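# Pasting the sequence and the predicted coordinates here, then a few questions.
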Amino acid sequence: MKSALSALGAGLVFGLGLGLSGMTQPAKVIGFLDVFGSWDPSLMFVMMGAILVHLGLTRWIRRRERPLLDTRFHLPTVTRIDTQLIAGSAVFGLGWGLGGFCPGPAIVTLGSGALSAFVFVGAMALGMVLQYVIRLPRESSSGAAERA
Amino acid sequence: MNLIESYGLSLLGGALIGLSASLVLLTHGRVAGISGLFGGLFLPGYDARDFRLWFIGGLVAAGLLLSVAYPTAFASAAPPSFVVIVAAGLLVGVGTRLGGGCTSGHGICGLCRFSARSLIATVTFMGTGMLTVFVVRHVLGGSP
């Protein structure tokens, strides 16, 4: 119960932040990425605001032995920099620049009922499944690790 | 909306995102990376499905609330065409899983943990994102 409420609350705050920040407006996102044209720098402030708050709090939180509602921290342990990381990020950026949507804002936009968000999130889920299926035979052992 | 308001709202929105990511870390001990949280809902081998479901539910609820209280958030919701949206969605899905994260997991949480992986990922997706917009807008002359 506590766990569900805190997850719901965190999702709500995250979503409101995305909506207020301008990240749920694909045209604005594309304007931010258009550094060679009429560049709109405002979305730089989203990252600044998020990092300013999270950087300090992260250090403070990680001094704890464990989180409040779980027995341990589940933080990524992979440190390897490989072609997967770079190729994946490159492909993600291509899709982001094409549609102006990254995962969070697209999911928030579902709540507005916009058809484009449903199409995008459906295609994104399909892409995730495709990636999972295609790479499964090669490295089935490390497939499920949280890697961010 | 003038420039200062726009920058201020972006900063405030960003601060809320940072606050939420901190909440997730403090209560559940997890990274608030949306592509990972979302993918773990339906891909095999992930834990904490309840947590994921409630968090994603919160995101959608925020969208519902915003569409009533602050409709400007969705003022430009529609990218160019159906085909482009599908292609963009597929690329974002494949790319975030292959690269292990997106704007939130790498761009915010990862950078705050001083992860070299996340720094490289962030520079890469920002770079290809900018390149894509450059090609679409200024080489092909489209206006997405």
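Arrived safely, thanks for sending.

# count of residues packed around residue 83?
Looking at chain A here, since you left the chain open. As a burial measure, A:Thr83 scores 9 neighbours (other Cβ atoms under 10 Å in any protein chain shown). Backbone N, C-alpha and C define where each C-beta goes, glycine included.

# nope, chain B
One way to gauge burial is a neighbour count; for B:Val83, by other Cβ under 10 Å, it gives 8.

# Let me see the ranges of the helices in chain B.
Along chain B, counting by DSSP state H, helices occupy B:3-28, B:34-42, B:49-69, B:82-99, B:111-112, B:116-134.

# Just send these back as CSV, with mean pLDDT too.
Shown next, in CSV, are the helices of chain B (pLDDT from 0 to 100):
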stretch, mean pLDDT
helix B:3-28, 95
helix B:34-42, 97
helix B:49-69, 97
helix B:82-99, 97
helix B:111-112, 95
helix B:116-134, 97
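
# Using CSV, please lay out those helices together with distance to A:Leu126.
Listed next are the helices of chain B as CSV, based on distance: least, Cβ to Cβ, whole Å:
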stretch, distance to A:Leu126
helix B:3-28, 26
helix B:34-42, 11
helix B:49-69, 17
helix B:82-99, 6
helix B:111-112, 29
helix B:116-134, 20
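
# I'd like those written out as JSON lines, with distance to chain A added.
Converted to JSON lines, the helices of chain B look like this (distance: least, Cβ to the nearest Cβ, whole Å):
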{"stretch": "helix B:3-28", "distance to chain A": "3"}
{"stretch": "helix B:34-42", "distance to chain A": "4"}
{"stretch": "helix B:49-69", "distance to chain A": "2"}
{"stretch": "helix B:82-99", "distance to chain A": "2"}
{"stretch": "helix B:111-112", "distance to chain A": "5"}
{"stretch": "helix B:116-134", "distance to chain A": "3"}
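
# And the residue nearest the centre of chain B?
The residue at the geometric middle of chain B, judged as the C-alpha nearest the mean C-alpha position with Cα atoms, centre = their mean, is B:Thr103 (4.9 Å).
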